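**Student:** Starting from these lines, generate the structure:
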Amino acid sequence: MDLNLVPSSLYMHLPWCVKKCPYCDFNSHEGATLKDKKKYIAALKKDIAMEGYRFPNTILKTIFIGGGTPNLFMPEELNDLLNEIKIYFKFTENIEITMEVNPGLLEKKKLTDYKFAGINRLSIGAQSFDSRSLKLLGRIHSVEDIFLTIENAQLANFQNINLDLMFGLPSQTMELVQKDLEEAINLNPQHISYYQLTLEPNTVFYKQRPKNLPSNDRLYNMHERGLKLLEAANYIRYEVSAFSKIHEECQHNLNYWTFGDYIAVGAGAHGKYTINNNVYRYQKPSLPRAYINTDFKKNDFRSKKIEQTEIIFDFMLNNLRLISGFTETYFEDCTDISFNIIKQKFVKLQRLGLIQKHGVDCWQPTALGLRFLDDIQVEFLPQ
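**Tutor:** Residues are numbered from 1 along each chain as shown. Okay, here's the model as predicted:
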């Protein structure tokens with residue numbers, strides 16, 4: 001396959017959880033048996049091999065193992081899968097390999113074994129340091145579990161750790177928001193994801209709205225308080241909800257946000273690739289059983305060519321999340337579309353104070369624009 005852009009990232013999805021949270025709209029399922037996991041791993045290996053033949057010249061810079069709860073799989077199983085990926089893809093010397101983990105299901109030995117398997121970055125789903133909030137969110141871990149997981153991760157010599165933290169929780173006060181952030185900052189992770197609880201369709205919270213959700217004014221104040229605390233602690237905001245110490249940005253997510261190409265492995269995983277300036281997206285079957293029964297030799301995963309108007313929206317949906325924005329030249333290089341087609345939209349957004357121009361041809365969302373990012377992105381929706 002003659003690719004203009006060879007994917008540099010791979011996403012692998014492990015779809016099972018102990019319990020599905022009421023706010024979660026990810027492709028996750030309860031109740032995996034050992035037999036299910038064994039069959040799933042066998043399917044993953046076939047999937048990896050197929051992708052290896054599709055993208056034979058790939059040198060991976062990042063791998064992200066998401067879920068579900070990936071740490072329901074044993075370290076030796078992850079080691080086996082990463083070795084399988086190495087058969088078909090080359091790795092850069094400093095490859096970033098992230099695994100999502102949930103506290104309460106880990107101990108030092110297990111974390112050490114994950115490190116030995118090749119995982120070098122952890123994304124820990126803390127969500128809150130308040131016991132009542134964790135219960136309302138349906139989390140199965142305790143506050144103590146978060147501290148223990150961080151301690152064990154550091155003892156296992158993980159030097160790149162992200163903490164997920166949510167705000168806008170039911171009955172949450174400004175004092176609880178500040179406490180959550182202070183606890184997270186005191187743990188000194190390299191990266192913090194700080195994002196608002198949203199009620200997504202097909203979730204329990206969407207069907208049964210939680211009581212005592214904060215008002216829009218209070219949500220704004222919570223967000224602003226978070227920005228100030230994180231900035232004071234030298235966490236740099238480089239994306240709408242992502243904050244890192246200097247040079248500790250998540251490289252895998254940066255590839256998504258800068259419209260890079262990536263390979264999809266696992267149930268429901270999405271991929272993107274480019275051939276001769278044409279952009280394609282594809283998805284693997286979502287249900288674990290359907291995925292396990294897939295004939296990977298057919299290579300039929302609903303690859304869809306993205307039309308010009310969709311490419312523009314796709315690009316803006318991702319790049320405008322970045323504080324740094326993008327240059328007109330970069331847009332044209334990624335999309336093979338002249339920026340002049342959409343320039344007047346940016347002039348309009350600039351007039352509204354939502355977008356600013358930096359230097360010769362760089363466009364960035366303003367502080368106001370980041371607050372109303374959906375309104376900016378709507379401008380680029382295909383008609």
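**Student:** Going by C-alpha atoms from here, please, whenever you check contacts or count neighbours.
**Tutor:** Fine.
**Student:** count of residues packed around Ala32?
**Tutor:** As a burial measure, Ala32 scores 14 neighbours (other C-alpha atoms under 10 Å).
**Student:** let me redo that: Lys207
**Tutor:** Burial measure for Lys207: 12 neighbouring residues, criterion other C-alpha under 10 Å.
**Student:** quick one, what contacts it?
**Tutor:** For Lys207, the contact set (C-alpha atoms under 8 Å, 6 or more residues apart in numbering) comprises Pro201.
**Student:** With the one 5 residues further on instead?
**Tutor:** Neighbouring residues of Asn212 by C-alpha under 8 Å, 6+ apart: Pro170, Ser171.
**Student:** That one and Met222: what is the separation?
**Tutor:** Using C-alpha to C-alpha, to the nearest Å, Asn212 is found at 15 Å from Met222.
**Student:** With His191 instead?
**Tutor:** To Met222, His191 is 19 Å away according to C-alpha to C-alpha.
**Student:** Same question for Arg54.
**Tutor:** Distance of Arg54 to Met222, given as C-alpha to C-alpha: 46 Å.
**Student:** Who has more neighbours out of those two?
**Tutor:** Met222 (22 against 15).
**Student:** you'd agree the more buried one is up against Gln172?
**Tutor:** No: the criterion here is C-alpha atoms under 8 Å, and Met222 misses it with Gln172 at 9.6 Å.
**Student:** In space, not sequence, find me the middle residue of this structure.
**Tutor:** Compute the mean C-alpha point of the chain, and by C-alpha atoms, centre = their mean the closest residue is Asn253, 5.8 Å away.
**Student:** State the pLDDT value of that one.
**Tutor:** What the model reports for Asn253 is a pLDDT of 97.
**Student:** just to confirm, which helix or strand has it in it?
**Tutor:** Applying DSSP states H and E as the criterion places Asn253 in helix 251-257.
**Student:** What is the subsequent helix or strand relative to the lengthiest helix in the chain?
**Tutor:** Looking across the chain with DSSP state H, the single longest helix is helix 34-54. Following helix 34-54 in sequence order, the next helix or strand is strand 59-67 (DSSP H and E).
**Student:** what pairs with that next one, and is each one parallel or antiparallel?
**Tutor:** strand 9-14 (parallel), strand 90-101 (parallel) (DSSP bridges).
**Student:** right, so the ones you listed: which one is the most enclosed?
**Tutor:** The highest average neighbour count among the strands paired with strand 59-67, using mean count of other C-alpha atoms under 10 Å, belongs to strand 9-14 at a mean of 24.
**Student:** Need the contact partners of it.
**Tutor:** Residues outside strand 9-14 that contact it (C-alpha under 8 Å, 6+ apart): 60-70, 252, 255, 261-269.
**Student:** and if we set it to 7 Å?
**Tutor:** The contact list for strand 9-14, computed with C-alpha atoms under 7 Å, 6 or more residues apart in numbering, reads 60-70, 252, 262-267, 269.
**Student:** just the CA coordinates of that strand, formatted as CSV?
**Tutor:** This file holds the C-alpha atoms of strand 9-14, laid out as CSV (Å, rounded to 0.1, in the frame of the first residue of the first chain):
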residue,chain,number,x,y,z
SER,A,9,0.7,5.4,16.4
LEU,A,10,-1.3,2.3,17.3
TYR,A,11,-4.3,2.1,19.6
MET,A,12,-5.3,-1.2,21.2
HIS,A,13,-8.6,-1.6,22.9
LEU,A,14,-9.2,-4.0,25.8
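**Student:** any idea how far that strand is from the chain center?
**Tutor:** Its chain's average C-alpha position is 11 Å from that of strand 9-14, according to C-alpha atoms, centre = their mean, to the nearest Å.
**Student:** what's the next secondary structure element after it?
**Tutor:** strand 16-17.
**Student:** Give the helix, strand or coil label for the spatially closest residue to Arg209 that is not a sequence neighbour.
**Tutor:** The shortest distance from Arg209 to any non-neighbouring residue, by C-alpha to C-alpha, 6 or more residues apart in numbering, is to Leu199 (7.9 Å). Of the three states, Leu199 takes coil under DSSP: H, G, I helix; E, B strand; the rest coil.
**Student:** phi, psi of Leu199?
**Tutor:** phi -90, psi 100 (degrees, to the nearest 10).
**Student:** What distance do you get for it to Phe313?
**Tutor:** Using C-alpha to C-alpha, Leu199 is found at 23 Å from Phe313.
**Student:** With Ala32 instead?
**Tutor:** Applying C-alpha to C-alpha, one obtains 37 Å for the distance of Ala32 from Phe313.
**Student:** Now the longest helix of the chain: buried residues?
**Tutor:** By neighbour count on 16 or more other C-alpha atoms under 10 Å, the buried set for helix 34-54 is 37, 39-41, 43-52.
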